[in-house]
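*Asks:* need a structure here:
(one chain, ligands or ions: 1)
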Amino acid sequence: MNNIKIPQHIAIIMDGNGRWAKKRGLPRSAGHIKGCQTFKQIARYCNKIGVKYLTVYAFSTENWRRPKEEVDALMNLFRDYLKDSKNFVKENIALRFLGSNDHLDPDILDLMQTAQDDSKNATGLTVYLAINYGGRDEIKNAVKQIANKVKSGEISPEEITEDTISEYLYAPGVPDPEMIIRPSGEYRLSNFLIWQGAYSEFWYSDILWPDFKPSHLDKAIEDFNNRNRRFGGV
Ligand code: FPP
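*Replies:* As a prediction, this is how the structure comes out:
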């Protein structure tokens, strides 16, 4: 990995947990448990190679439609992980969140707040967990807040720029992801970072998320280095 430019912000859609479990005759929740281990390994690896931000799609606003048993299993996985987050702090990794608080159990919201507070001084990687996240929901919330500012006379419609909208998203000030990775052979954005991903490079692979290894991330970064990013120019 000599002379390779490391993206400062990588985003990942952690897809394929269910299929990974099914292939082994296991319940879907077993796939999520293995997917969570993969997430921890990849976050550590990102920290090691100098990625500044890692955003992972852990639960979408649409995922509430899954069977209660699966939703409960995912929520318990978040609980366990958040209770354990001191391990991340030891590694100098900060934890933050993207998403709406609606419908999340109060104890999970408390754990999220504690994990965020405990890790606020970490200077290595910042992990953004997208929990109860939807890109359209995020933009709708930003528009509502801006509309209220217009209504109260704090800003005029003419003053609204693209930067204004970015400022009202869940993570203002965080640079847009240079890369969005989606394993498991799907080619959709699925409502993930639809504003921030306007110019992101996409990297797809057939590997199911629980099987994703640091070597796959190396390959994605290597491919990213060979892309010609023009941002609409020539
Ligand atoms: C999509 O795969 C994955 C999810 C909806 C959940 C992702 C969550 C994790 C990997 C756990 C992360 C945990 C923490 C603490 C961050 P899928 O289940 O839709 O897979 P399928 O398409 O094969 O059915």
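
*Asks:* And the residue of the chain most remote from its centre, what's its pLDDT?
*Replies:* Most distant from the centre of the chain: residue 153, at 34.3 Å, with distances by C-alpha atoms, centre = their mean. On pLDDT, residue 153 comes in at 97.

*Asks:* how far away is it from the ligand?
*Replies:* 41 Å (C-beta to the nearest ligand atom, to the nearest Å). From N, CA and C alone the C-beta is placed, and that goes for glycine too.

*Asks:* Can you pull the phi/psi pair for that residue?
*Replies:* Backbone torsions of residue 153, given as degrees, to the nearest 10, read phi 80, psi 10.

*Asks:* What is the burial count for the closest residue in space to residue 93 that isn't next to it in sequence?
*Replies:* Leaving aside its sequence neighbours, residue 93 sits nearest to residue 125 (C-beta to C-beta, 6 or more residues apart in numbering; 4.9 Å). Residue 125 has 24 neighbours, counted by other C-beta atoms under 10 Å.

*Asks:* Just say helix, strand or coil for whichever residue of the chain sits closest to the ligand.
*Replies:* Using C-beta to the nearest ligand atom, the single residue of the chain nearest to the ligand is residue 18, 2.4 Å away. What DSSP: H, G, I helix; E, B strand; the rest coil gives for residue 18 is helix.

*Asks:* Verify the stated contact: it with residue 29.
*Replies:* No: if you go by C-beta atoms under 8 Å, residue 18 and residue 29 don't touch, sitting 9.5 Å apart.

*Asks:* Now do whichever strand or helix holds residue 22: everything it contacts.
*Replies:* Assessed by DSSP states H and E, residue 22 sits inside helix 17-23. The contact list for helix 17-23 (C-beta atoms under 8 Å, 6 or more residues apart in numbering) reads 27-32, 34-35, 184, 208-211.
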